[in-house]
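**Student:** kindly generate the corresponding structure for this input.
(one chain, ligands or ions: 1)
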Amino acid sequence: MSKIGIFVGTVYGNSLAVAETAQEILEQQGHEVVVFDEPTLNDWQHYNSGEEIALIVTSSTGQGDLPDTIAPLFSEINDVVGYQPDLRYGLIALGDSSYESFCGAGVRFDELLAEQSATRIGDILFIDAIEVDTPEEYAKSWIEAWAELL
Ligand SMILES: Cc1cc2nc3c(=O)[nH]c(=O)nc-3n(C[C@H](O)[C@H](O)[C@H](O)COP(=O)(O)O)c2cc1C
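**Tutor:** Next comes the predicted model:
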């Protein structure tokens with residue numbers, strides 16, 4: 001069983017609802033899960049040593065920008081961490097395909113972690129608000145499949 005930190009970027013709460021659903025599913029499977037709704041670098045550094053796993057769940061705001069709850073963490077990972085080859089992570093990106101930069105924040109996070117030599121577990125789950133009314137329901141099957149990869 002794994003220790004999993006869920007790092008949330010949200011404006012209106014949809015990503016937090018997805019994160020809480022993920023927590024429920026993963027805990028039922030025996031994992032130890034903590035949700036960080038305003039994650040700090042200190043929180044992050046408990047999950048990047050290779051033993052643990054980070055799951056990022058973030059929406060986009062502005063023009064593909066990161067929500068305020070997770071933007072400071074993104075900057076610190078960029079400025080302070082630099083290289084984290086032991087990190088294993090998953091990513092759920094919420095967005096709306098009517099925006100030019102669909103799920104831009106999630107994509108930027110993924111690009112940053114890839115640049116820092118981290119390993120993504122599974123494909124990114126993209127959730128499009130145009131097509132999906134209840135993202136936390138929609139995400140369930142992806143979360144169950146993702147858990148199989150841990
Ligand atoms: C002002 C505003 C800007 C947004 N900008 C983007 C964007 O650039 N790209 C995108 O894919 N979605 C964008 N969205 C859509 C949100 O990311 C989407 O509705 C998401 O489900 C919100 O999740 P949250 O409640 O966790 O913040 C925007 C929404 C608003 C209201």
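**Student:** can you confirm whether stretch 97-116 lies near the ligand?
**Tutor:** Yes. Against the ligand, stretch 97-116 shows contacts by Cβ under 6 Å from any ligand atom at 99, 101-104. For glycine as for every other residue, the C-beta is placed from the backbone atoms N, C-alpha and C.
**Student:** what sits against the most centrally placed residue in the chain?
**Tutor:** Taking Cα atoms, centre = their mean, the centroid of the chain lies closest to Ile56, which sits 1.1 Å from it. Neighbour list for Ile56: 6-7, 9, 70, 89-92, 106, 109 [criterion: Cβ atoms under 8 Å, 6 or more residues apart in numbering].
**Student:** partners of it in the sheet?
**Tutor:** Phe7, Leu91 (DSSP bridges).
**Student:** most widely separated two among the residues of stretch 97-116 next to the ligand?
**Tutor:** Tyr99 and Cys103 (8.8 Å; Cβ to Cβ).
**Student:** okay, those two: which has more neighbours?
**Tutor:** Each of Tyr99 and Cys103 has its neighbours counted (other Cβ atoms under 10 Å); Cys103 has more, 26 against 16.
**Student:** hmm, that one is touching Phe126, no?
**Tutor:** Yes. Cys103 is in contact with Phe126 according to Cβ atoms under 8 Å; the separation is 5.3 Å.
**Student:** intersection of neighbour lists for these two?
**Tutor:** 93, 95.
**Student:** where does the protein get nearest to the ligand, which residue?
**Tutor:** The chain approaches the ligand most closely through Gly95 (2.4 Å), counting by Cβ to the nearest ligand atom.
**Student:** which residues touch that residue?
**Tutor:** 59-60, 102-106, 126-129.
**Student:** appreciated, that's everything.
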